[in-house]
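[1] Turn this into a model:
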Amino acid sequence: MLTTKRPRAALAAALATALTATLTAGLVTVTAPVGAAAEEAPGTLRIGTYNIRSDRTLQQFSAAVDAFKPRVDVAGLQEIGANVKNHYLQEDRDWGYYRPPQIQQNPVIWRRSVFDHLGSPGRKGYYRIARAREIEGKTGGLERKDPTFATVVRLRDRASGTAMSVINVHLISGAVKGGRRNPERPRRFELFKRQMKGLARLTRDERAKGYDVYALGDFNAGYKADFKWRRRPLPFRRFKAIGFKSMWHRVNLDNGGTRNDAYIDQVWNETRPEATTVAYDIRNSDHFPAIATYSMPEPPAGYAPERGSIGFRSASVTSAECHKPWQVRDRPMRFELEGRTQYGYATVETSGTAKEGVDYTVDDSSLYDGDPDTNHIDVLRIPDVDREPHETFTLRLVGTNTDVIADSGTATGTIRNDDGDGIRTPDECRK
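    Coordinates of the predicted model:
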């Protein structure tokens, strides 16, 4: 969950180079002049939002994500409903991932080398911004729209010590037309009003708790038209009332858009970004990614990011090889962990005669889920009926911004084979 320190001068030079490249390539809109980036500046935060259309294949989705990640430090994604796509995001252990089970499509991802994960507000880890309502269906009649939830993730920037709250939303479509209420869909507009009211309340509440708040996502309301008409229920007026500015504030929006010719994908914060980007070269959706680059404050005098610690409390675990998937699922080989796991992060390397992906799989989600109550690694055996000897594997912890506790960095597992005839079930698998 945490950070490599970012040298200030190096960051400034890199940002200047990046801004020059984007101007030359013609792929982005830049709000700050190139010369401004050459100053001795504090670190930067690149925060993005990207709606990757839900009907895209896994191959298209992975190509979009792989092109997007190098350009951001933290981001909100929308329309990511398929489990296989969420699993793809979780497979990259250098990136944190959070999406409450109740929210099927809007995860937040972040660089674990840059941020500590501070958790999410409340017991449930999400926030309802609007209740369920009946709205106009896209093909006629009425349909029930489930409650609208926002994904909320709290992070600490390790370089500056800044505590942040990232709020990711996807608001109802078809409610706003040209910056005003769509007269053909009054029910949708009423829901949109409630969503925006709830989002503004959530943003204000998170700020009151001391977080630097970034509200982002697919707002389904173009900023240019919203700024022109300034209707109270829409994002510009709602956020202005609490002192927030859009990433598109004072940007020339005469050409382009994040979807068609509208800037509906937005990031809001109390400050204006140093630069804004639309990545027109990433073409794997009907939206283009929107990226805002913000300055981060200098750390307080004497500040040093916390280092974590981690180690295995369980040095070895032995289990029988079971025949049935449910026997394996209900009885994982559990390796308990200890240490200051809320700081830094660790990954797991495997070795041994038992092969990962053939004989077992590793669930190390507790290393990055930010939940202090789930400090363990689970190994799930893959059932088979082959006759073979006992097999062993070794798990080794590799820490980043965290110290592996001496003599506790490895653990060994043994998978005892039964008689291999596929009929007799080991006693412990029957329990």
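
[2] Going by residue numbers, what spans are helices in the stretch 51-200 of the chain?
    For the stretch 51-200 of the chain, applying DSSP state H, counting those that start in this stretch gives helices covering 58-68, 83-91, 186-208.

[3] Show me what the longest one packs onto, helices and strands only.
    Contact partners of helix 186-208 among helices and strands, from 3 or more C-beta pairs under 8 Å, 6 or more residues apart in numbering; DSSP states H and E: strand 126-130, strand 133-136, strand 148-157, strand 163-170, strand 212-218, helix 235-240. For the C-beta atoms, the positions are set from N, CA and C on the backbone; glycine is no exception.

[4] Compute the inter-axis angle for the longest one and strand 163-170.
    Which is strand 148-157. 150 degrees (axes from the mean of the first three to the mean of the last three C-alpha atoms, to 10 degrees).

[5] for the fifth one, same thing?
    With the same axes, to 10 degrees as the criterion, the two stretches strand 212-218 and strand 163-170 enclose an angle of 20 degrees.

[6] State the mean pLDDT of strand 212-218.
    Strand 212-218 shows a mean pLDDT of 99.

[7] How about the longest one?
    Confidence for strand 148-157, expressed as mean pLDDT, is 94.

[8] How about the first one?
    Averaging pLDDT along strand 126-130 gives 90.

[9] Run the chain-centre distance for that strand.
    With C-alpha atoms, centre = their mean, to the nearest Å as the basis, strand 126-130 stands 17 Å off its chain's centre.

[10] which other helices and strands contact that strand?
    With contacts defined as 3+ C-beta pairs under 8 Å, 6+ apart, strand 126-130 has these neighbours: strand 148-157, helix 186-208.

[11] Give the buried residues for the last one.
    Along helix 186-208, these residues count as buried under the neighbour rule (16 or more other C-beta atoms under 10 Å): 187-196, 198-200, 202-203, 206-207.

[12] Likewise for the shortest one?
    Using 16+ other C-beta under 10 Å as the burial criterion, the residues of strand 148-157 that qualify are 148-157.

[13] now those residues as JSON lines including distance to residue 82?
    As requested, the buried residues of strand 148-157 are exported to JSON lines (distance: C-beta to C-beta, whole Å):
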{"residue": "148", "distance to residue 82": "20"}
{"residue": "149", "distance to residue 82": "18"}
{"residue": "150", "distance to residue 82": "21"}
{"residue": "151", "distance to residue 82": "17"}
{"residue": "152", "distance to residue 82": "22"}
{"residue": "153", "distance to residue 82": "21"}
{"residue": "154", "distance to residue 82": "27"}
{"residue": "155", "distance to residue 82": "26"}
{"residue": "156", "distance to residue 82": "31"}
{"residue": "157", "distance to residue 82": "31"}
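
[14] For residue 190, see how far away residue 338 is.
    Residue 338 sits 52 Å away from residue 190, going by C-beta to C-beta, to the nearest Å.

[15] Repeat that for residue 244.
    Note on residue 244: its distance to residue 190, by C-beta to C-beta, is 23 Å.

[16] about what we covered before: can you say which of the helices and strands packed on helix 186-208 is nearest to residue 318?
    Among the helices and strands packed on helix 186-208, strand 148-157 comes nearest to residue 318, with 37.8 Å by C-beta to C-beta.

[17] so where is the stretch 251-400 of the chain shaky, pLDDT-wise?
    Applying pLDDT under 70 to the stretch 251-400 of the chain picks out residues 323, 327-328, 369-373, 385.

[18] likewise the stretch 1-150 of the chain?
    Ranges of the stretch 1-150 of the chain meeting pLDDT under 70: 1-42, 102, 122-125.

[19] Quick one: the strands in it, in order.
    Secondary structure of the stretch 1-150 of the chain by DSSP state E, counting those that start in this stretch: the strands cover 44-51, 74-78, 95-98, 108-111, 115-119, 126-130, 133-136, 142-145, 148-157.

[20] ditto for the stretch 301-431 of the chain
    308-312, 316-320, 333-338, 345-352, 360-363, 376-381, 391-400, 402-404, 410-416.

[21] Walk me through the domains of this structure.
    In the domain annotation for the chain, the residue ranges read 8-295, 308-430 (automatic domain parsing).

[22] deepest of those domains, which one?
    Greatest average neighbour count among the domains of the chain goes to domain 8-295 (a mean of 19), per mean count of other C-beta atoms under 10 Å.

[23] Nearest to residue 133, out of the strands of the stretch 301-431 of the chain?
    strand 360-363 (37.8 Å).

[24] Against which helices or strands is the closest one packed?
    Strand 360-363 packs on strand 376-381, going by 3+ C-beta pairs under 8 Å, 6+ apart.

[25] partners of the strand it packs on in the sheet?
    Within its sheet, strand 376-381 is paired with strand 333-338 (antiparallel), strand 360-363 (antiparallel), according to DSSP bridges.

[26] so which of those gets nearest residue 289?
    Of all the strands paired with strand 376-381, strand 360-363 sits nearest to residue 289, with 30.3 Å by C-beta to C-beta.

[27] Contacts for that closest one, please.
    332-333, 348, 350, 354, 356, 377-382, 393, 395, 413, 415 (C-beta atoms under 8 Å, 6 or more residues apart in numbering).

[28] picking up where we left off before, residue 301: which of the domains of the chain is closest?
    domain 8-295 (11.1 Å).

[29] Can you give the distance from the closest one to the centre of its chain?
    Centre-to-centre, domain 8-295 and its host chain are 11 Å apart (C-alpha atoms, centre = their mean).

[30] wait, what's in contact with the residue nearest to residue 105 when sequence neighbours are not counted?
    The shortest distance from residue 105 to any non-neighbouring residue, by C-beta to C-beta, 6 or more residues apart in numbering, is to residue 81 (4.6 Å). Shown in contact with residue 81 (C-beta under 8 Å, 6+ apart): 54, 104-105.

[31] and if you look at residue 99?
    Contacts here follow C-beta under 8 Å, 6+ apart; on that basis residue 99 touches 80, 86, 106-108, 151.

[32] what do you get if the cut-off is 10 Å, keeping everything else the same?
    77, 80, 86, 89-90, 105-109, 125-126, 151, 153, 168 (C-beta atoms under 10 Å, 6 or more residues apart in numbering).

[33] what do you get for residue 206?
    121, 127, 152, 154, 164-167, 212-215.

[34] Which two of these have the greatest separation?
    127 and 212 (17.3 Å).

[35] just to revisit the earlier point, mind checking which of the helices of the stretch 51-200 of the chain is nearest residue 140?
    Residue 140 lies closest to helix 186-208 among those, at 12.8 Å (C-beta to C-beta).

[36] How much space separates the closest residue to residue 234 other than its chain neighbours from residue 53?
    Spatial nearest neighbour of residue 234, excluding adjacent residues (C-beta to C-beta, 6+ apart): residue 226 at 4.9 Å. Note on residue 226: its distance to residue 53, by C-beta to C-beta, is 23 Å.
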